[in-house]
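**Q** Okay, predicted coordinates and the sequence, questions at the end:
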Amino acid sequence: MDLATILGILSGLGLIMYTIVSGGNLDIFIHLPSFMVVGGGTMAAILVNFPLKEVIGVIGVVRKAFTKDETRALDIIDIFVSLSIKARREGILAIDKELRKIDSDFMRIGLEMTVDGTEPETIRNAMEAELNYLIERHKKGQQIFLSLGTYSPAFGMIGTLMGLIAMLKTLDDPTSIGEGMAIALITTFYGALASNLIFLPIAGKLKNRSDQEVAVKEMIIEGVLSIQYGEHPKNINRKLLNFVSPKLRINNEANAENPKKK
Amino acid sequence: MDLATILGILSGLGLIMYTIVSGGNLDIFIHLPSFMVVGGGTMAAILVNFPLKEVIGVIGVVRKAFTKDETRALDIIDIFVSLSIKARREGILAIDKELRKIDSDFMRIGLEMTVDGTEPETIRNAMEAELNYLIERHKKGQQIFLSLGTYSPAFGMIGTLMGLIAMLKTLDDPTSIGEGMAIALITTFYGALASNLIFLPIAGKLKNRSDQEVAVKEMIIEGVLSIQYGEHPKNINRKLLNFVSPKLRINNEANAENPKKK
Amino acid sequence: MDLATILGILSGLGLIMYTIVSGGNLDIFIHLPSFMVVGGGTMAAILVNFPLKEVIGVIGVVRKAFTKDETRALDIIDIFVSLSIKARREGILAIDKELRKIDSDFMRIGLEMTVDGTEPETIRNAMEAELNYLIERHKKGQQIFLSLGTYSPAFGMIGTLMGLIAMLKTLDDPTSIGEGMAIALITTFYGALASNLIFLPIAGKLKNRSDQEVAVKEMIIEGVLSIQYGEHPKNINRKLLNFVSPKLRINNEANAENPKKK
Amino acid sequence: MDLATILGILSGLGLIMYTIVSGGNLDIFIHLPSFMVVGGGTMAAILVNFPLKEVIGVIGVVRKAFTKDETRALDIIDIFVSLSIKARREGILAIDKELRKIDSDFMRIGLEMTVDGTEPETIRNAMEAELNYLIERHKKGQQIFLSLGTYSPAFGMIGTLMGLIAMLKTLDDPTSIGEGMAIALITTFYGALASNLIFLPIAGKLKNRSDQEVAVKEMIIEGVLSIQYGEHPKNINRKLLNFVSPKLRINNEANAENPKKK
Amino acid sequence: MDLATILGILSGLGLIMYTIVSGGNLDIFIHLPSFMVVGGGTMAAILVNFPLKEVIGVIGVVRKAFTKDETRALDIIDIFVSLSIKARREGILAIDKELRKIDSDFMRIGLEMTVDGTEPETIRNAMEAELNYLIERHKKGQQIFLSLGTYSPAFGMIGTLMGLIAMLKTLDDPTSIGEGMAIALITTFYGALASNLIFLPIAGKLKNRSDQEVAVKEMIIEGVLSIQYGEHPKNINRKLLNFVSPKLRINNEANAENPKKK
């Protein structure tokens, strides 16, 4: 679980809830018809805006924002280094049985193509096409959340306009003005809160996660091709470390000096 | 029919309608002069903004948002594979009579040029020019809907200003204040609803549809040129699969192994 | 005359006027000082923002938005085809006396350079420099209208602030509140209407017109160079048709088969 | 003096002033604390946002918006043409004593490098580095004015919030409501006026001026290198005229035919 | 200490404080629950939006906005010049013991690779990878402050909506209306002030600082490679001066003529 995402949403909602409850106004802030107008209207706009398949597919993408990022770039570099040692000693075919242990499908398929003797250019094209699809799919997920973050305050405002118009029509009953306006404003509150605490921040987190994943996959493409070209393990280690943040790198430099001991 | 588009607009309008009716205020929300100011003003701005021909042409483009997407990339790949087998066995002229069966004009014309012995560079230029026109035409359609989505809330606000000014002038009759403001706000309501439930989401759907169609057409250009270069069916299959999402690809990989059996 | 531009502005203004008059409030909506603040303030900001020469030059550019687009790409292609036939039969110098009949200065000057034996690279550079100046000049025109569309609602708001402040100071006379606010809002109304019915849509039309003109001029550059290279009329026709929308193209394809008959 | 800038600001301020004075409300619109909040707050934000050195340096850049543009591209072309004639007749060293007469430091230094026999690539790199610094410095000036134009209405709104909160707290004295709100709105008025009449338009003018200056300097780089390559005067004239607007060019074409007569 | 940043924030806050205190309203402007809603809500949104590691890491980046910029490009050029003289006289290994004196890790590590005989392409790749990480890390810092600047006014508005709704519900007690609205507006005031005086300007300063640092590091990469290629000290000086602003350059030109005297 990505603690920051969970913690952020829960603490934000808790804080708002606490402020409302401590003012003794919880009842007025829970208003089902207002929730329906904002939630339903936003959902309707999303259905028009995006292909149905993508709206459904977003559920898979959004999981990313809530699960912990497990990619450890240094481990992947170590695997490439040890595979390259084996490949140089015993031939490229020798790494075939190591492949089953690799978690990342993306990396394993790339290495399998290498073992099968596919040409480097074909491998690069196939892996980059795969990566581009990943980027596209992630971007779609971000776009859907950005749209949720744009449409929800808009429908909040539409709901408030509806409430105001209905209230103003019956202005002759002055005792109801306050309550009417309060209810009218609830939809704007719902829309603004959903947009700023949930939709837009999740769109941001998805973008951050996607950037990380893409960086690792670009490193993997480089690694697979280095294996195929039979580069020296030390060179592979140095080349791939360029994809890693300087802090992480320092810890690994020592190992790099003696990669075989690992 | 693109169910999501229809469903989104109908359910959104239904939800808003239901909320209004259940509050017993339907009469005040239906106000023809307000509708005229928002609809007429927006239409006038669109006429100034875009060439008349394009405003009329948008009707053809908008159909895309409401009709089902029928392009099946895998079927097209299969056709290319079987055509390439035939071309390699019986010569490029042999595929001439297969062309009538192809639905896509874009694909058929490209293949006809190939059969006619046109040079690859000329084919590529002609097909890319065609594709660029398609992209331009789609972009124009999206721009018109984005403009509709920008001008309609603006004319909603202009209508509200007109209503407020008229009401404020006759402020000495306090019983009419509420009704005056209610009517003034209706135009903003119309503009915001039209923009956020119809215009902007349709602009979004048009963009999504255009992206899909362009991806398929780029694949077709690649396919036509591969046929002309007489590439091996298996290579054509692999190359074109790079244009397809990984999920779809898996199902087709099996066929690709034995393309001739199809 | 570009009917859409005229029709859009007149029908938009007419609609707003009709709504105001039918409410019997025409007098309050015509307020010279408000008009002065919005119009004068916007004009002052434009003078600061753009070089004087360009503000004056915009008048020439804006004419484009109101005059009919006369460029007929197909006619220009026909001229290139018949010139190329003549040039191939009778030599490049033979087309010299045909040049006087050509309407477009841009095309004629390019062809004159060809007849004079100027090198192709020099011709291309000169024509592209000319085209870039055109694009720059059009862009400046669009920017001025976009700025008019941004500054006019801003000065509308400034006028409303001035009116509100003056009114609030004399709040002790409650009978004047309504009229004071009504007058204060007039400037916002003027600014919003001018921006959304005139300035922003004209900026949009200028952009659309510029795109069309640039596309035709790019085709002309290609055509002039094809004449100089002595390409075959049929090739010139096919090449230039790539610059034309597919619909137009179909009608011309028949002619292209037998260009000499024309 | 750039008359348009001066005229725009003075006439805009005059118009606003006249409208205020003719309404007899000058006293309420002059409110020092409001001026302090908007001006001081905006200045504070600018100090945080930009390095101190650049905030101070902006004074030099802003002078550009108020002084007349003196660059005459045609004169510069004439100088290049006559220098190239001299260089071809008497050798490159002969132009050394002409250099003192050249106003533009940028042009003179470039030509001095040429006379010194510096390699063309080094000259181009040095001059382009110089030009890039100019562009960067201008961009910084524009950014500071854009930021002034963004922060000033924000601090206007902050001032209004402060005024409203203070006024609402003492709502029990109803006679002061009007005056309190009037004073509260003054800061928004100040911020909006400063932004839309001064800061944003000056940012626009700086951009326009910078574009002009960069275009002339790009022409000078081309000219200096043409001198070094010993190109023919007529070619230099033609090449440099491509940097000049078509209108200006026509007047110069005649001279170009006989550059020596000048 | 970066005086401008400190001075800007302190003087801005001081000015606002002074205006509030001199109006005698300090008590109402200090409202802990309002502070909690804006600060807590913004922080919650940031936690959802960015990976936890980056939110924590931003503290290191923000220090940049408050510490003085110590990079002196001219000193670095002098070091490169004197190192190149030594390297040309006594061989590249001779500069090894000079490296300890160099402050910049980035520069020292680059030179160490040079002394170790690493290939130029590898050095450039490693240094550029390092620089790209720096740029990425700085960009993340700026993005977090931009997000703080976007979310804080949004939660200010959410707090105001909550206050208004609670107040409107109890409208029957008219004496509390003013105070209720005053308190409701405090959150918008907090959000707007934090955004416009602290978050957005700091994001701007971080961008400015990052640009400066990147320019110096690009110069260092060029310098390290020049040392390795054994270029002439005078050429190195001239090449690196292109990275320095023209003003600084003039002072150094004299030295460049006689670099050995230093």
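**A** Everything's here; your move.
**Q** Strands of the stretch 51-200 of chain A, residue ranges please.
**A** Using DSSP state E, counting those that start in this stretch, the stretch 51-200 of chain A contains no strands.
**Q** need the residues of it near chain E, please.
**A** Residues of the stretch 51-200 of chain A found near chain E, taking CB under 8 Å from any CB of the partner chain as the criterion, are A:65, A:69, A:175, A:177-179, A:181-182, A:185-186, A:188-189, A:192-193, A:195-198, A:200. For glycine as for every other residue, the C-beta is placed from the backbone atoms N, C-alpha and C.
**Q** Identify the residue nearest the geometric centre of chain A.
**A** A centroid search over chain A (CA atoms, centre = their mean) returns residue A:206, at 2.6 Å, as the residue closest to the centre.
**Q** hmm, back to that, any quick PyMOL command for the buried ones out of the residues of the stretch 51-200 of chain A next to chain E?
**A** The PyMOL command for the buried members of these (criterion: 16 or more other CB atoms under 10 Å in any protein chain shown) is given here:
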select buried, chain A and resi 65+177+178+179+181+182+185+186+188+189+192+193+195+196+197+198+200
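**Q** residue in the stretch 1-150 of chain A nearest to chain C?
**A** Minimum separation of the stretch 1-150 of chain A from chain C (CB to the nearest CB) falls at residue A:150, amounting to 20.6 Å.
**Q** Tell me the confidence at the closest residue to that residue other than its chain neighbours?
**A** Distance criterion CB to CB, 6 or more residues apart in numbering or on different chains; nearest residue to residue A:150, sequence neighbours excluded, is residue A:195 at 7.6 Å. In this model, residue A:195 is scored at 97, pLDDT.
**Q** Tell me how many other residues crowd residue A:22.
**A** Burial of residue A:22, expressed as a neighbour count using other CB atoms under 10 Å in any protein chain shown, amounts to 10.
**Q** ugh, typo on my part, it should be residue A:136
**A** Residue A:136 has 13 neighbours, counted by other CB under 10 Å.
**Q** Residue A:158 now?
**A** For residue A:158, the neighbour count with other CB under 10 Å is 26.
**Q** contacting residues for the closest residue to residue A:73 other than its chain neighbours?
**A** Closest residue to residue A:73 in three dimensions, ignoring its sequence neighbours and counting by CB to CB, 6+ apart: residue A:244, at 5.1 Å. Counting by CB atoms under 8 Å, 6 or more residues apart in numbering or on different chains, residue A:244 makes contact with A:73, A:74, A:77, A:219, A:252.
**Q** Residue A:244: which element?
**A** In the assignment (DSSP states H and E), residue A:244 maps to no helix and no strand.
**Q** Please tell me how far it sits from residue C:8.
**A** Using CB to CB, to the nearest Å, we find residue A:244 at a distance of 58 Å from residue C:8.
**Q** now swap in residue A:72 and tell me
**A** Noted for residue A:72: a distance of 60 Å to residue C:8, by CB to CB.
**Q** With neighbour numbers in mind, choose between the two.
**A** Counting neighbours by other CB under 10 Å for residue A:72 and for residue C:8 shows that residue C:8 has the greater number, 27 against 11.
**Q** Which residue, other than its chain neighbours, is closest to that one?
**A** residue B:47 (3.3 Å).
**Q** From the contact counts, what lies against the strand or helix carrying that neighbour?
**A** Element membership for residue B:47 (DSSP H and E) is helix B:32-49. Here helix B:32-49 is seen to pack against helix B:120-169, helix B:177-193, helix C:3-22, helix C:200-228 when contacts are counted using 3 or more CB pairs under 8 Å, 6 or more residues apart in numbering or on different chains; DSSP states H and E.
**Q** And the pLDDT at the residue in the stretch 51-200 of chain A that chain D sits nearest to?
**A** Here the stretch 51-200 of chain A gets closest to chain D at one residue, residue A:178, 15.6 Å apart by CB to the nearest CB. Looking at residue A:178, its pLDDT stands at 82.
**Q** cool, and the one 4 residues further on?
**A** Taken from the predicted model, the pLDDT recorded for residue A:182 is 88.
**Q** That one against residue E:168, yeah?
**A** Yes - under the criterion of CB atoms under 8 Å, residue A:182 is in contact with residue E:168, at a separation of 3.9 Å.
**Q** OK, contacts around residue A:58?
**A** For residue A:58, counting by CB under 8 Å, 6+ apart, the contacting residues are A:140, A:141, A:144, A:145.
**Q** Just give me the neighbour total for the first one.
**A** If I follow you right, that is residue A:140. Residue A:140, neighbours per other CB under 10 Å, totals 19.
**Q** Identify the residue spatially nearest to it, adjacent ones excluded.
**A** When the adjacent residues along the chain are set aside, residue A:140 lies closest to residue A:54, with 5.3 Å between them (CB to CB, 6+ apart).
**Q** residues in chain A within reach of chain B, list them.
**A** A:33, A:36-37, A:40-41, A:43-52, A:54-55, A:122, A:125-126, A:129-130, A:133, A:137, A:147, A:151, A:154-155, A:157-158, A:161-162, A:164-166, A:168-172.
**Q** Can you flag the buried ones in the residues you listed?
**A** Restricting the residues of chain A next to chain B to buried positions leaves A:33, A:37, A:40-41, A:43-51, A:54-55, A:126, A:129-130, A:133, A:137, A:147, A:151, A:154-155, A:157-158, A:161-162, A:164-166, A:168-171, with burial counted as 16+ other CB under 10 Å.
**Q** Stretch A:241-253 - what's its average pLDDT?
**A** Averaging pLDDT along stretch A:241-253 yields 70.
**Q** just stretch A:5-17 next, same as before
**A** Mean pLDDT, stretch A:5-17: 93.
**Q** Which positions within it qualify as buried?
**A** Of the residues in stretch A:5-17, those buried by neighbour count under the rule 16+ other CB under 10 Å are A:5, A:8, A:9, A:11, A:12, A:15, A:16.
**Q** Likewise for stretch A:217-235?
**A** Counting neighbours by 16+ other CB under 10 Å, stretch A:217-235 gives A:217, A:219-228, A:231, A:233 as buried.
**Q** and the closest residue to residue A:100 other than its chain neighbours, how many residues sit next to it?
**A** With sequence-adjacent residues excluded and distances taken as CB to CB, 6+ apart, residue A:100 is closest to residue A:108, at 8.0 Å. The tally of other residues near residue A:108 (other CB under 10 Å) stands at 17.
**Q** picking up where we left off before, can you give the distance of the helix holding residue B:47 from its chain's centre?
**A** Here the centre of helix B:32-49 is set off from its chain's centre by 23 Å, with CA atoms, centre = their mean, to the nearest Å.
**Q** Residue in the stretch 51-200 of chain A with the shortest distance to chain E?
**A** Closest point on the stretch 51-200 of chain A to chain E, by CB to the nearest CB, is residue A:178, at 2.7 Å.
**Q** Below-threshold pLDDT in chain A: ranges please.
**A** Across chain A, residues meeting the criterion (pLDDT under 70) sit at A:1, A:69-71, A:171-174, A:247-262.
**Q** please redo it, this time with the cut-off set to 80
**A** Scanning chain A for pLDDT under 80 picks out the ranges A:1-2, A:24-25, A:60-61, A:64-72, A:170-176, A:245-262.
**Q** is it true that residue A:133 touches residue B:246?
**A** Yes - with contact defined as CB under 8 Å, residue A:133 counts as touching residue B:246 (5.7 Å).
**Q** quick one on the thing from earlier: dump the helices and strands packed on helix B:32-49 into a markdown table; add distance to residue A:61 as well.
**A** As requested, the helices and strands packed on helix B:32-49 are arranged in a markdown table below (distance: least, CB to CB, whole Å):
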| stretch | distance to residue A:61 |
| --- | --- |
| helix B:120-169 | 24 |
| helix B:177-193 | 29 |
| helix C:3-22 | 42 |
| helix C:200-228 | 35 |
